[in-house]
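1. Build the 3D model from these lines:
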Amino acid sequence: QVQLVESGGALVQPGGSLRHSCVASGVTWRYFCMGWFRQAPGKQREGVAAIDSRGNTKYKDFVKGRFTISHDNAKNTLYLQMNSLKPEDSAEYYCSWSGECAGGYPQFGPWGQGTQVTVS
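-> Purely as a prediction, here's the structure:
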């Protein structure tokens with residue numbers, strides 16, 4: 001069973017940077033997708049960026065050029081580097097990994113515990 005542990009949430013000023021990490025254990029898929037999602041109060045959870053085990057990446061338009069997703073195979077760790085943060089980036093951020101992918105994003109996989117990002 002895959003388990004995910006996140007770290008990296010914080011309070012940052014607009015224009016600041018932050019890096020999220022998501023460490024996975026129990027991964028046995030040969031091909032899989034990993035993604036970062038976020039959920040602001042009163043809003044639905046939305047995808048932010050995704051990467052597959054071959055290194056192909058996807059970004060939502062609202063983070064293109066500001067966020068970078070990456071994956072360290074040896075450490076089984078997913079990263080999200082967030083630069084030029086805006087107040088509208090404030091949300092709970094979640095990672096997910098899955099052997100099932102749709103549009104490059106993981107489907108039906110486990111979630112990390114979530115980390116809060118506040119840009120103010």
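2. Low-confidence regions, the chain specifically.
-> Low-confidence regions of the chain, defined by pLDDT under 70, are absent; no residue qualifies.
3. Quick one: neighbours of the nearest residue to residue 2 once chain neighbours are set aside, just the number.
-> Counting by Cβ to Cβ, 6 or more residues apart in numbering, residue 26 is the residue found nearest to residue 2 once chain neighbours are left out, at 4.6 Å. For every residue, glycine as well, the C-beta is placed using N, CA and C. The burial metric for residue 26, expressed as a neighbour count using other Cβ atoms under 10 Å, is 11.
4. Contacts only, for residue 26.
-> Under the criterion of Cβ atoms under 8 Å, 6 or more residues apart in numbering, the contact list for residue 26 reads 1, 2, 3.
5. Filter the residues you listed down to the buried ones.
-> residue 2 (16 or more other Cβ atoms under 10 Å).
6. Now render the contacts of residue 26 as CSV, adding secondary structure and distance to residue 78.
-> Converted to CSV, the contacts of residue 26 look like this (DSSP: H, G, I helix; E, B strand; the rest coil; distance: Cβ to Cβ, whole Å):
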residue, secondary structure, distance to residue 78
1, coil, 17
2, coil, 12
3, strand, 13
